[in-house]
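Asker: Provided below for reference: sequence and predicted model.
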Number of protein chains: 2
Amino acid sequence: MTPGILSVLPIFYVGWSDSVLSPSEMQTIQALIENLPHLTEEDKKLLQSWTDQRHPPNRETFAEWKHILQNHVAEIDLSARRNLTEIGLAMAQKASSLDWYAPEVREKIEDFEAIMGLDNASSALSFYRAIVPQNASELTEEADFDPRKLQTILDGPFAELKTRTKTLLLDEAFRVPTELRNKDELRLKILEQCRYLARQGFGSYAFPPEYGGSGSTGGSTAIFETLALGNLSLLIKYGVQFGLFGGAVFQLGTEQHHRLYLEKLGKLELAGCFAMTETGHGSNVRDLETTATYDHATRSLVIHSPTEAAGKEYIGNALHSRMAAVFCQLMVNGQNHGIHTVLVPLRDENHQTLAGITVKDNGYKMGLNGVDNGRIWFDNVRVPVKNLLNRYGSIDENGQYQSPIQNPSKRFFTMLGALVGGRVSVALGSNTAAKKALDIAIRYALKRRQFKTLSEDRETLLLDYPTHQERLFPLLAKSYALTFALETLRQKFVESAALDDKREVEALAAGLKSYASWHAIDTIQECREACGGKGYLAENELPDLKADTDIFATFEGDNHVLLQLLAKSILTDFKQEFSDGGFMAVARHILHRVNTEWLESNPFAARNTNAEHLLSAEFLGEALRYREQKLLFTLSDRLRSFLGKKLNPNEIFLRTQTHSIALAMAHVERFINDEFLAKLNSLPDSPEKTALQQMQQVFALDAIHRDRGWYLENDYLSSEKSKAIRKVLTKLYRQLRPQAQAYVQAFGIPAVLRNAEIVS
Amino acid sequence: MTPGILSVLPIFYVGWSDSVLSPSEMQTIQALIENLPHLTEEDKKLLQSWTDQRHPPNRETFAEWKHILQNHVAEIDLSARRNLTEIGLAMAQKASSLDWYAPEVREKIEDFEAIMGLDNASSALSFYRAIVPQNASELTEEADFDPRKLQTILDGPFAELKTRTKTLLLDEAFRVPTELRNKDELRLKILEQCRYLARQGFGSYAFPPEYGGSGSTGGSTAIFETLALGNLSLLIKYGVQFGLFGGAVFQLGTEQHHRLYLEKLGKLELAGCFAMTETGHGSNVRDLETTATYDHATRSLVIHSPTEAAGKEYIGNALHSRMAAVFCQLMVNGQNHGIHTVLVPLRDENHQTLAGITVKDNGYKMGLNGVDNGRIWFDNVRVPVKNLLNRYGSIDENGQYQSPIQNPSKRFFTMLGALVGGRVSVALGSNTAAKKALDIAIRYALKRRQFKTLSEDRETLLLDYPTHQERLFPLLAKSYALTFALETLRQKFVESAALDDKREVEALAAGLKSYASWHAIDTIQECREACGGKGYLAENELPDLKADTDIFATFEGDNHVLLQLLAKSILTDFKQEFSDGGFMAVARHILHRVNTEWLESNPFAARNTNAEHLLSAEFLGEALRYREQKLLFTLSDRLRSFLGKKLNPNEIFLRTQTHSIALAMAHVERFINDEFLAKLNSLPDSPEKTALQQMQQVFALDAIHRDRGWYLENDYLSSEKSKAIRKVLTKLYRQLRPQAQAYVQAFGIPAVLRNAEIVS
């Protein structure tokens, strides 16, 4: 690389992670580059090619820049440099005999720096953090594997986009001061940050290119997954605006709506909200009370909240939105056609609430106080019929209701299925949050010492206590395991775009969302406690992480309700059309399956206690599969018996609810383990593969150990074998102990985003 | 009651829960009473007797007033009354032919009301809440028992004081607006509220009467227990000022200190803090780094923080205090005499920090943001030697160290033992917080419906879902069970005042504090989730309850560390003096016990599955006892075997850590169950006794069920029996379902203190 390029490379490197310049500013920059001293024509041509905002440098280019910068920075004294210009000039001077410190050179480059908005200490700091290898001396423990290689495997197909998202988050603009506790101020800050994301093209990522997007729903979930490393209010605000509101317009609307709204909402020029949940009805969406009554004379829909409890509840973005995607019962000619979605303007250009609309702030919440949740009521609000998002149901010129799906129940589930992206995203974001907590707690446990023992000079590291290992390692393994299962979920989600019937991915998303969100809640709680008093201080991130993620168990579907949904889908053949018949039909269906498919499936000796056997993919896979099958069999059996006794369906449902949830959880753990094993099978032998294998072993063996009551009850394990499992686990933890830091390093979480003083 | 008394009774009733009047104001009131129209001499005499602030009306009087007021209020139309005067006059008018509405009467009584500070809407509101039976229609479900009678049993010996504390908390002065999130404003509010408590004599309650107290440590814990129904920042601030700082002066100081400080600090005229924990040493108090070096020439102690990590950390009241009780290594003539406590002035009369003192705010925390936690460093701060709290160690005129306890280790533990009240209090407060969460979640589950089933007209109540019962009822039973175990703990704590060796109560407090604080954390989390999105809103209390109690698992001793402490004490004979030898000595001691005391103690058939057997006190008690004994035996056995292999003590300690914690938890659950059974045995037969018995059955059977893995591994349960337990529990929950509301009513939590919109 030439000295000329070097002189401005720091500015480009930092600048591109914050390129929120307008086209006219870009023109100014391009003109400026032409006039920079000491630059060759070739230098200028290269630099111009880097200023095309729509085609930012890709990951490889960034990596190359970083590599070059790291090499050159190592040769200069950074401590004396005030800004990016000085760093660039010092590097150029080292590499050339021209006078790079001459005022006319310096001034021009400083102008450039200023126009890029980088003439401040925080930009220099961003540069430091990104380039100077702060973790050079970090690896005090000797790991058997290379965490960077492991990270590549964990990052998967969207690695580049994830890195780009992380780089962006490192920008000073995304800091939220710990002291910022006032909800109104916080909300403004988050709104501003959300605009930055939109300017980066992150808002429209899932939309087709003709609407300013990248056409990648998978990429969109990868952005969400990675944004969970930053402020979670921003994550949820982003999810509400682009994923929920945008998703409703994109998935439930047709071309007319896409043309009118997608680009604008993707840029956050049109702020919108997703008004589904009501005070009276959350989990039970089908019975929402809000109505949209068609008036043929005026070709309009009248949106109305008939009761106080029909008000839309917890609606994110409610205070900043100009429009709402309102879920309501569509009444045409006196007939209810079930839940449909209508775009309803909430506020005018001056942000004044429109007539008939009432919005109330939900006030302070446990967390996510940067998100403006509120309640919304409609008092006979009239909108043109074209505002009906009409992909699955429309009203023709003659005022007749039309739908490509005749069966109302199927239509309802198809519409909900189109919105499955939300659950996929929450599942992914949950695991990111859990990883961040583990990164903090494990690093702290490798730093913090307490209690001296007679035989040692120094106090003992927290992570050397077996109880500390037992508390954290199974959670670490769960986060590893979830990573691959969630990658499969993402893939199925992307593939499902082409399918009308999305029940398979819906069921999977329901299960994994529940499992991952509880995993996040449990993990953050354990990590908080494992960090003691330090874990209680806001400066160490865990408090906000805990408060912000707590609602993940509730929103996008309450976990208990979702698990029953999953159980229902396990119990039935998806293709079978009994969605109308409810639980009774499911039960009847089961009658025909049971006993024909069931095989006694416990071929492994209940008494084999050697470690090799206990850690084998065969034993672990089979044990998890056995539990799922047995629970399915016994549930079917109970259903049959209850039906035989002529119990009413409600009673049957209630009596088997706990059993259903156990089945769903067993299904999810079996699935996660299978995906982990499949991933392992796809990898060539390497130290990293071995490292992953150990995580798989901990995950599966701990799952069995936690549920050993069930396994013992069902004679799948003998007492001896159950006790042996505990011993094998303890030994495994001891083995993993020296690798702990490398395992969390492989999560690839920049220190700035950990945002915790105790491990900074 | 005469009309005259009636006319002012509302003012007295509300007023006495907010009697923060100065003696001179009291005189004004007494004069005013003399001049009230229509009052007989007898009336006046009675009223005067009610104005003695040091002898407030007792519980019976209050109950009588309430009874009278309820009767009379029922006969007047309350809706038109603006203030307490109007209510009183209306009642008097009903009962008499005199003209009570005459201006001269009304004005005089309104003056009285104004002087009492009650001439505002909120006082009228307080009256409404306390007197008007809001829950008249509450008991929709038919309970088999009277919740008020059950409450009397739960409230126990300090019922009156608890009622007084609750009544006080109802006062408007103790409201904290949900919107108040700024820590500095919140801290001021809490400080002010803490002063109210002090004015009520609550600050000095544990101190002897000669220092303005009531001389009741038990009462003091009952106040703490009840204050946990209110704002938890206030609770902790109260605990820090009066329990920790006050407790240090009272327990570790001698008469000279009591005389100088107790009365002042009990009135909060002297704010102080308890500076024990350091950044580098929290759990390991013995190795604190702060030093107090004696200088004989000036008869002074030099307090010093030798390192950054020696700074005192998380110190509550750090910003409001004028003085700190500092725990430090006492150095006399170059010799370290171990941890002692020295009173060190922090600030002058103008609240300016003194020379050598550095205080830093800990900033925002997960919760308890109304408590001013901070860090404190000392740079060679000199204080007179009399500031040494010298009950257990002093420096004589000749500069020689003197102590009534020669063994330094024993001295250390004796000093810490003197402070056990903190752990007792946290255990009690934890259970109160758990009860409050259960009260909210169970009431909400009896109100909230979701999902209609085919066979029913209305949607189903949340509490009718078996999973919902399974989530909440075992936690309800734990709170019931803990109530009696904690009452025993309180009693032992009170009795231990006379003992030098407090190890028994210390061990018990360590175990119950851990168990109760985790119970609170788990319960509040479950209740939050069980209330769905509503549980996430600050207006419904659960978010703050969760955030504020989270640290209960850490402060006053990290739960994991405390449980090991308990395990150690179970393993050893308390009277044996091997505290110096550390773990090795404990292990050796065990060698001599093992195998001689052990008896095969599983006399109950592992296969008896009938419900009567499973619910019997014999089976439940024996199963819990068996687990403890077996864990003790196997732990001893492992220790012996490790010693035989000549493993070093550190290695042995680490290898048995998990086992120790399991033993401690088993011990605690066995103890709780035993105390519950003892309580039941002491009660005559009644519907309330039956209600309690069912709670005991759920508590114990659920404990066994949760740990069925262990019981099955140890062949104490057969598969069949283990499965039968699940069935019996499910059936028990169904039986309890109609009693659920009565069970939480018996907690006696006023609606105002529940502070949750969803159940208000």
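Answerer: That came in fine, so what should we check first?
Asker: how about the residues of the stretch 201-350 of chain A near chain B?
Answerer: The stretch 201-350 of chain A comes close to chain B at residues A:Thr277, A:His281, A:Gly282, A:Ser283, A:Asn284, A:Asp287, A:Glu313, A:Tyr314, as judged by Cβ under 8 Å from any Cβ of the partner chain. Quick note: C-beta positions are derived from backbone N, CA and C, even for glycine.
Asker: what residues does the second one make contact with?
Answerer: When contacts are counted by Cβ atoms under 8 Å, 6 or more residues apart in numbering or on different chains, A:His281 is found next to A:Asp287, A:Leu288, A:Glu289, A:Ala309, B:Gln450.
Asker: separation between it and B:Gly533?
Answerer: Separation of A:His281 from B:Gly533 (Cβ to Cβ, to the nearest Å): 11 Å.
Asker: pLDDT and distance to B:Ala617 added to the residues of the stretch 201-350 of chain A next to chain B, as a markdown table?
Answerer: Output for these, formatted as a markdown table (pLDDT from 0 to 100; distance: Cβ to Cβ, whole Å):
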| residue | pLDDT | distance to B:Ala617 |
| --- | --- | --- |
| A:Thr277 | 97 | 47 |
| A:His281 | 95 | 45 |
| A:Gly282 | 92 | 42 |
| A:Ser283 | 92 | 40 |
| A:Asn284 | 93 | 43 |
| A:Asp287 | 95 | 47 |
| A:Glu313 | 98 | 47 |
| A:Tyr314 | 98 | 47 |
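Asker: report the central residue of chain A.
Answerer: Closest residue to the average C-alpha location of chain A: A:Gly429 at 2.3 Å, with Cα atoms, centre = their mean.
Asker: gap between A:Ala318 and A:Thr353?
Answerer: For A:Ala318, the distance to A:Thr353 - Cβ to Cβ - is 11 Å.
Asker: give me the more crowded residue out of the two.
Answerer: Set A:Ala318 next to A:Thr353 and count neighbours by other Cβ atoms under 10 Å in any protein chain shown: A:Ala318 wins out with 25 against 13.
Asker: let's verify the more buried one: helix, strand, or coil?
Answerer: coil (DSSP: H, G, I helix; E, B strand; the rest coil).
Asker: that one against A:Val371, yeah?
Answerer: No - if you go by Cβ atoms under 8 Å, A:Ala318 and A:Val371 don't touch, sitting 9.4 Å apart.
Asker: gap between A:Ile704 and A:Arg726?
Answerer: 11 Å.
Asker: SS state for A:Gln48?
Answerer: Put simply, A:Gln48 is helix when judged by three-state DSSP.
Asker: give the contact list for it.
Answerer: A:Gln30, A:Ile33.
Asker: return the residues of the stretch 551-700 of chain A in contact with chain B.
Answerer: A:551, A:553-555, A:558-560, A:582-584, A:648-651, A:653-655, A:657-658, A:661.
Asker: buried residues in stretch A:68-78?
Answerer: A:Ile68, A:Leu69, A:His72, A:Val73, A:Ile76 (16 or more other Cβ atoms under 10 Å in any protein chain shown).
Asker: now the two most distant members of the residues you listed.
Answerer: A:Ile68 and A:Ile76 (13.2 Å; Cβ to Cβ).
Asker: okay, now the domains of chain A?
Answerer: A:3-131, A:272-411, A:421-754 (automatic domain parsing).
Asker: okay, how far is it across the shortest one, tip to tip?
Answerer: Between the start and the finish of domain A:3-131 there is a gap of 18 Å, counting by Cα to Cα, to the nearest Å.
Asker: can you tell me if the longest helix belonging to chain A touches chain B.
Answerer: Longest helix in chain A by number of residues (criterion: DSSP state H): helix A:466-496. Yes - against chain B, helix A:466-496 shows contacts by Cβ under 8 Å from any Cβ at A:Pro466, A:Thr467, A:Glu470.
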